[in-house]
Each structure stands twice: as structure tokens, then as C-alpha cells.
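Student: sequence plus the predicted model coming up.
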Protein chains: 2
Amino acid sequence: MATIIPDSHKDLLEKPIYATVTTVMPDGQPQSTVVWFDYDGEFVRFNSARGRQKDKNLAANPRVTFMIMEAPFRWIEVRGMVEVITEEGAVDHIESLSRKYTGQGYYGAFNSRTTPEQETRVMYKIRPTKVTTTG
Amino acid sequence: MATIIPDSHKDLLEKPIYATVTTVMPDGQPQSTVVWFDYDGEFVRFNSARGRQKDKNLAANPRVTFMIMEAPFRWIEVRGMVEVITEEGAVDHIESLSRKYTGQGYYGAFNSRTTPEQETRVMYKIRPTKVTTTG
């Protein structure tokens, strides 16, 4: 399964490109937001905080889909299932994502309004199950 | 309901920004693709061809969500229901979208591989039911 991401589009999972991540609301409506993410070679990973809508949706339904678009006609869709939802390492992970996307740390730097004590960081690890590419 | 799109983000529905549109597969998995779209003041509209996955998903389940991102931290999420699925005016609509996004017509110009006779164009009109904005 590690090879499910085609070599032709692996760079889109490495670059600091914002992804549209979609989970499913309790009533079946797709819910989309824009997120930072990374790929550890096995899981696509993103980071949120306990109690947000995505967190609630994924606790109830593991189905999640990423759209990562570099140019209008070059993109990769990654569908998968959340396999791990964990607070362990989640603060380190958001710091790593912040450096990847902004060039600076998260708490006290990019995010100067919130401290780690004011929210519970959560890391979501998604196993890709189906991938489509264009371009 | 015409005012559900806030004035602060109405420009994102007018500009030639590519949208990530998400429908729901029969098994409940979100399916995302990148599309051209426009907004007629009441409906968000996009255009596809009969028999494609989105066409099949929307025939079975009207729930659809758009993510329109201008910059990483300025975006609008539009959730809604497909209210009209029609072939009437669908070729004119794809021609109009093509001019908006590419500056040229669709058949015989931007798309020089397919003729209108080789596919059945379909226009989807989505009534927004919930909107969230950032930035």
C-alpha cells in the first residue's frame, strides 16, 4: 500500500501546498476546510484541535478525502480512512507543519494568540485507500 | 437565501478561481475534483458530462460542497444541495465557463479533442444551504 501514491505526483505531498480536506457531517453532507498536511510514506497526516468539527466528524466516521492542487490541471485526490487519532506527538507535529508551511514555529510564533495549554492538539493519520491524479 | 453568500467573500464566486467540489460516493466516501464554476446569484453552478462519477453521485445524493480558496487564509466553503440537474443550456454554460477561465471557447478551442456530439453535457445547479468563510 505504500506505493499507492504514484511517483508522478509524490512531490505534491512533499511541497508546502495547502490541501482541501473533506470529512462527512452526521447528516451526510461533505465538510471541507483548508489544512496543512504531510506524508510519512505510509500515512497522510494533518493536525487539528480536540472538539473542532473535523475532529467530531472523524471520531464518528473515518472516511476522509484530500485534494492537493498545484496548478489547475495538476492535482492528486487521496481518499482514505483515518486509522490513528492521537494526542501523542501532536504538538511536535503542528510545530513541524508550521515550519514546513510558514518557515517559523507554531506556538509563540505563527500562532501567537494561543498556547498549547489552551487547546488539545490532535494528529490524524490517514491510510490512503484510493488515489486519482490529473496532469 | 440569496444573501447566504456574505458580501465579504462574494468576489471569490465571481473570479476565475478553481473550486474543489466534493460529492459523496455510494459507500459514503467523499469524492473531490477540481472544477470550473459560476454563481448566478441564487445557485452555484458547475458543468460535467453524463455518466461521470460526480454525475452518478449527485443523481443518487444531492449533497455537495464547494471549497473556493484564493489564498491560503482566504477561502469560502459553500455546502448545498443539487436542486437542478439539466442538459438544457449545458453546452452554452460550458462555453461560458471556458471563456471565464481560459479566455477562449470550449469545443473546438480549449477542448479540441471532443465534440458536443461525443458527450452529453450536464449543468448542476446547487442551492447553498450553509456557508463558512475564513480571512
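Tutor: Sure thing, it's come through. Please read all numbers here as calculations on a predicted model, not as lab measurements.

Student: distance of A:Phe66 relative to A:Ala49?
Tutor: Noted for A:Phe66: a distance of 19 Å to A:Ala49, by Cβ to Cβ, to the nearest Å. For every residue, glycine as well, the C-beta is placed using N, CA and C.

Student: of those two, who's got more company?
Tutor: A:Phe66 (26 against 15; other Cβ atoms under 10 Å in any protein chain shown).

Student: tell me the confidence at that one?
Tutor: The model reports A:Phe66 with a pLDDT of 97.

Student: again, but for A:Pro72
Tutor: A:Pro72 is given a pLDDT of 80.

Student: buried residues in stretch A:117-135?
Tutor: Within stretch A:117-135, the residues scored as buried using 16 or more other Cβ atoms under 10 Å in any protein chain shown are A:Glu119, A:Arg121, A:Val122, A:Met123, A:Tyr124, A:Lys125, A:Ile126, A:Arg127, A:Pro128, A:Thr132.

Student: and the last one, that's in a helix?
Tutor: So that's A:Thr132. No - counting by DSSP: H, G, I helix; E, B strand; the rest coil, A:Thr132 is not part of a helix but strand.

Student: in strands, which of the buried residues of stretch A:117-135 fall?
Tutor: Judged by DSSP state E, these include A:Arg121, A:Val122, A:Met123, A:Tyr124, A:Lys125, A:Ile126, A:Arg127, A:Pro128, A:Thr132 as members of strands.

Student: out of these, who's nearest chain B?
Tutor: Nearest to chain B, judged by Cβ to the nearest Cβ, of these is A:Thr132 at 8.2 Å.

Student: need the longest helix for chain A.
Tutor: For chain A, the helix that runs over the most residues, judged by DSSP state H, is helix A:90-102.

Student: give the buried residues for it.
Tutor: Going by neighbour count (16+ other Cβ under 10 Å), the buried part of helix A:90-102 is A:Ala90, A:Val91, A:His93, A:Ile94, A:Glu95, A:Ser96, A:Leu97, A:Ser98, A:Tyr101.

Student: which of these are close to chain B?
Tutor: Contacts with chain B within the buried residues of helix A:90-102, as defined by Cβ under 8 Å from any Cβ of the partner chain: A:Tyr101.

Student: show me what the residue nearest to the spatial centre of chain A is bridged to.
Tutor: For chain A, the residue nearest the mean C-alpha position is A:Phe46 (2.8 Å; Cα atoms, centre = their mean). Note on A:Phe46: beta-bridge partners by DSSP bridges are A:Phe37, A:Tyr124.

Student: right, and it touches A:Thr20 too?
Tutor: No - when contacts are counted by Cβ atoms under 8 Å, A:Phe46 is not listed as touching A:Thr20 (11.2 Å).

Student: can you pull the residues that touch both of the two?
Tutor: Residues touching both A:Phe46 and A:Thr20 (Cβ atoms under 8 Å, 6 or more residues apart in numbering or on different chains): A:Val35.

Student: what about A:Pro16, neighbour count?
Tutor: Neighbours of A:Pro16 (other Cβ under 10 Å): 14.

Student: got the contact list for it?
Tutor: Applying Cβ under 8 Å, 6+ apart, the residues near A:Pro16 are A:Trp36, A:Lys100, A:Tyr101.
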